[in-house]
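Novice: No letters, just coordinates:
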């Protein structure tokens, strides 16, 4: 779930795989979901920056500034 359709990720290009079905849900997740990266080494300062930036983006989008 964290990567969407792994078969479309460059790291897996050329790998031999077995696919069952169309994987349309994984494509949806990969293309339509807003991702925030996670990493155990994030500091409080880094997390605060992420929250501040996301909050500012949402506020701008609500006011019509962001398309």
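Specialist: Structure received. Keep in mind the model is a prediction, meaning the values are calculated, not measured. Numbering: from 1, shown residues only.

Novice: which strands and helices sit next to whichever helix in the chain runs longest?
Specialist: Looking across the chain with DSSP state H, the single longest helix is helix 44-62. Contact here means 3 or more CB pairs under 8 Å, 6 or more residues apart in numbering; DSSP states H and E; on that basis helix 44-62 packs against no helix or strand. The way it works is simple: take the backbone N, C-alpha and C, and place the C-beta from them, glycine included.

Novice: low-confidence ranges in this structure?
Specialist: Across the chain, the ranges flagged by pLDDT under 70 are 1-3, 67.

Novice: And the spatially most distant residue from the centre of it, its phi and psi?
Specialist: Distance from the C-alpha centroid of the chain peaks at residue 16, with 25.0 Å (CA atoms, centre = their mean). Note on residue 16: backbone dihedrals following degrees, to the nearest 10 are phi -80, psi 130.

Novice: Look up how far residue 7 lies from it.
Specialist: Counting by CB to CB, to the nearest Å, the separation of residue 16 from residue 7 is 11 Å.

Novice: go on, residue 33?
Specialist: Using CB to CB, residue 33 is found at 17 Å from residue 7.

Novice: same check, this time on residue 19
Specialist: 7 Å.

Novice: more crowded one of these two?
Specialist: residue 7 (15 against 8; other CB atoms under 10 Å).

Novice: Hmm, that one is touching residue 23, no?
Specialist: Yes. Under the criterion of CB atoms under 8 Å, residue 7 lies in contact with residue 23, with a separation of 7.1 Å.
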